[in-house]
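Trainee: next input, structure requested:
(one chain, ligands or ions: 1)
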Amino acid sequence: MALSKTDQQNYYNLSKGYEGEQLFDALLHNLECDCLVLNDLLLLVNNQTFQVDTLLIMNNRIHLFEIKNYTGDFYFESNQFFRKDRFEISNPLTQLQRTESLLRQWLIKFNYSIPIQASVIFINPGFTLYNAPLDKPFILPTQLNLLIKKLNSQQSILNKRYKNLAEKLVNQHISEHPLQQMPSYEYHQLQKGLKCGICESFSTSTTRYSGNVTCLNCGNIEKIETAVLRTLQEFRILFPLEKITTNKSYEWCNIAPSKKTMQRILGKHFKKIGTKRWSYYS
Ligand SMILES: [Zn+2]
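Mentor: Residues are numbered from 1 along each chain as shown. Next up, the predicted model:
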């Protein structure tokens, strides 16, 4: 369905943020030191929740990383953060300081006294910061490799106490209800059909004999079975309480070649519950 302007912006920010975290995570795979990496924690201390993008636990030190996937030109002036067009955006340092302070309170609560080193990571190579201050914990795209080198050069052998800390952090993580953040939607509002797995276009056509789905937008060719399974997975995410039946799947995928094909795919990948008219798949 068409998203409202606000939801579109929200979606854009979320996917951009997620992409940034993945990029940083990939970079951390170059770490050779003995350390533990924890991503995306939501924690609670003194009635305040706080979100941690990435924590790196090393011997005698915790690195706290706030990741920003900004692209384009920005500048820093009197402790404020601006886009090149003078549009002020929230200073990532403010967020970092809050997270650091709450993390420190959290550690004290659980009897850990370990120094925290907090930094903002600008992960996107297309990011430029004019007037970048020397005394602020900003790590710019051109400094990322050096960061990994520095971390690798540190002697760190984690003892059990740090491994317990990592376990504690994971156990205390609050899982959010993803549905609360979703825009509201109803089945009849949503476009049905098999989307292309590459460009996400709904302009696809299926050929019964080849068993393929062809994208009319980008030309990608995919097995019907793979496309149907991906499309049904989306249905399950969108409507977790709905039962998957042959008719519903047929309608949701819209252009699957026949109900027989749909039944065969469902039978192969799902467990059939019930018989005849009242059956569904789980
Ligand atoms: Zn396509």
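
Trainee: run through the residues of the stretch 51-200 of the chain sitting next to the ion.
Mentor: Listed as neighbours of the ion in the stretch 51-200 of the chain under the rule C-beta under 5 Å from the ion: 196, 198-199. Bear in mind the C-beta positions are built from the backbone N, C-alpha and C, glycine included.

Trainee: for the residue nearest to residue 90 when sequence neighbours are not counted, what are its contacts?
Mentor: Distances taken as C-beta to C-beta, 6 or more residues apart in numbering place residue 81 nearest to residue 90, at 7.1 Å, with adjacent residues excluded. Counting by C-beta atoms under 8 Å, 6 or more residues apart in numbering, residue 81 touches 74, 88-93.

Trainee: among the residues you listed, which are in strands?
Mentor: Counting by DSSP state E, the part of the contacts of residue 81 found in strands is 74, 88-89.

Trainee: between those, which has the most around it?
Mentor: Greatest neighbour count in the ones in strands among the contacts of residue 81, by other C-beta atoms under 10 Å, goes to residue 74: 20 neighbours.

Trainee: which strand residues bridge that one?
Mentor: For residue 74, the beta-bridge partners under DSSP bridges are residue 83, residue 129.

Trainee: is it true that residue 244 touches residue 280?
Mentor: Yes: counting by C-beta atoms under 8 Å, residue 280 is a contact partner of residue 244 at 5.9 Å.

Trainee: what segments of the chain are helices?
Mentor: 5-28, 92-109, 144-153, 160-172, 224-238, 246-253, 259-269 (DSSP state H).

Trainee: okay, residue 198: pLDDT?
Mentor: Note for residue 198: predicted pLDDT of 94.

Trainee: use 19 as the first number from now on
Mentor: Let's use 19 as the start, then, which means that last one is residue 216.

Trainee: so who does the residue lying closest to it once chain neighbours are set aside touch?
Mentor: Excluding the flanking residues, the one nearest residue 216 by C-beta to C-beta, 6+ apart is residue 238, at 4.4 Å. Contact analysis of residue 238 by C-beta under 8 Å, 6+ apart lists 214-217, 232.

Trainee: for the protein, which spans come out with low pLDDT?
Mentor: Within the chain, the stretches with pLDDT under 70 are 195-199, 273-275, 294-296.

Trainee: break it into its domains for me.
Mentor: 23-197, 203-299 (automatic domain parsing).

Trainee: hmm, back to that, so which of the contacts of residue 238 sit within strands?
Mentor: In strands, judged by DSSP E, the following of these are found: residue 232.

Trainee: hey, what's the closest residue to residue 56 other than its chain neighbours bridged with?
Mentor: The shortest distance from residue 56 to any non-neighbouring residue, by C-beta to C-beta, 6+ apart, is to residue 73 (4.5 Å). Following DSSP bridges, residue 73 is listed with bridge partners residue 56, residue 82.

Trainee: identify the residues contacting residue 73.
Mentor: Taking C-beta under 8 Å, 6+ apart, we find residue 73 in contact with 55-57, 59, 80-83, 187.

Trainee: nothing else from me, thank you.
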